[in-house]
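Participant: model this:
(one chain, ligands or ions: 1)
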Amino acid sequence: MGTSKWTLVLAILLTLSSLSLLGSSAEGSHERVIVIEAKQFTFEPSIITVEAGEEVIFHVWTSDVTHGFYIDGTDIKEEVKPGEIVVVGPITFDKPGKVKIRCSVTCGPLHPFMTADVVVEPNYTFYGFVALTLVVAGATLVYINRSYKKSEEPTEE
Ligand SMILES: [Cu+2]
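Facilitator: Below is the predicted model of the structure:
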């Protein structure tokens, strides 16, 4: 009796965790393409919002002179020449927060100010799945425990 109880609990937990894994990987498996225009002395868009763990690919092009595309804290440093589209990535930003993109090719007097921000937001979908899994698992345990206690109560014959 005791063994089958725990087998059932284990089966439920496994099902739930694989479901949440499926959910989170489905969320992260598509690569998002973000097109960025470099021009004196800005990137367009200059604020790029991504989700933590999301896979993104940058397509960078320039509408005037040669620019650079450097992502702070990474070894990604590309040169973007007129008439070219430079594909950067796939790259994932794991830590919520802000990451700077900088022009790494001197392109004019305001070159040092040519930056963009990647705003990395927490992966709410993933945390939602984890929370849901825990709540359902907890409720299931309580329920199973109760129904077994009932059935183990001595019955009068
Ligand atoms: Cu530049």
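Participant: mind listing what's buried in stretch 126-135?
Facilitator: 126, 129, 133 (16 or more other CB atoms under 10 Å). For the C-beta atoms, the positions are set from N, CA and C on the backbone; glycine is no exception.
Participant: same thing with stretch 120-127?
Facilitator: 120, 123, 125, 126.
Participant: narrow those residues to those in helices?
Facilitator: 125, 126 (DSSP state H).
Participant: how about the CA coordinates for the strand or helix carrying residue 118, as CSV?
Facilitator: Here residue 118 sits within strand 115-121, counting by DSSP states H and E. Provided in CSV are the C-alpha atoms of strand 115-121 (Å, rounded to 0.1, in the frame of the first residue of the first chain):
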residue,chain,number,x,y,z
THR,A,115,25.3,53.2,-27.3
ALA,A,116,22.1,51.2,-26.9
ASP,A,117,20.6,49.4,-23.9
VAL,A,118,19.5,45.8,-23.8
VAL,A,119,17.0,45.6,-21.0
VAL,A,120,16.8,42.1,-19.7
GLU,A,121,13.5,41.3,-17.9
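Participant: quick one: it near the ion?
Facilitator: No. Taking CB under 5 Å from the ion as the criterion, strand 115-121 and the ion are apart, separated by no less than 9.8 Å.
Participant: that strand pairs with which strands, and in what direction?
Facilitator: strand 47-51 (parallel), strand 97-102 (antiparallel) (DSSP bridges).
Participant: can you redo the buried residues of stretch 126-135 as CSV with pLDDT and distance to the ion?
Facilitator: Putting the buried residues of stretch 126-135 into CSV (pLDDT from 0 to 100; distance: CB to the ion, whole Å) gives the following:
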residue, pLDDT, distance to the ion
126, 80, 36
129, 86, 41
133, 90, 46
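Participant: I appreciate the help and will end here.
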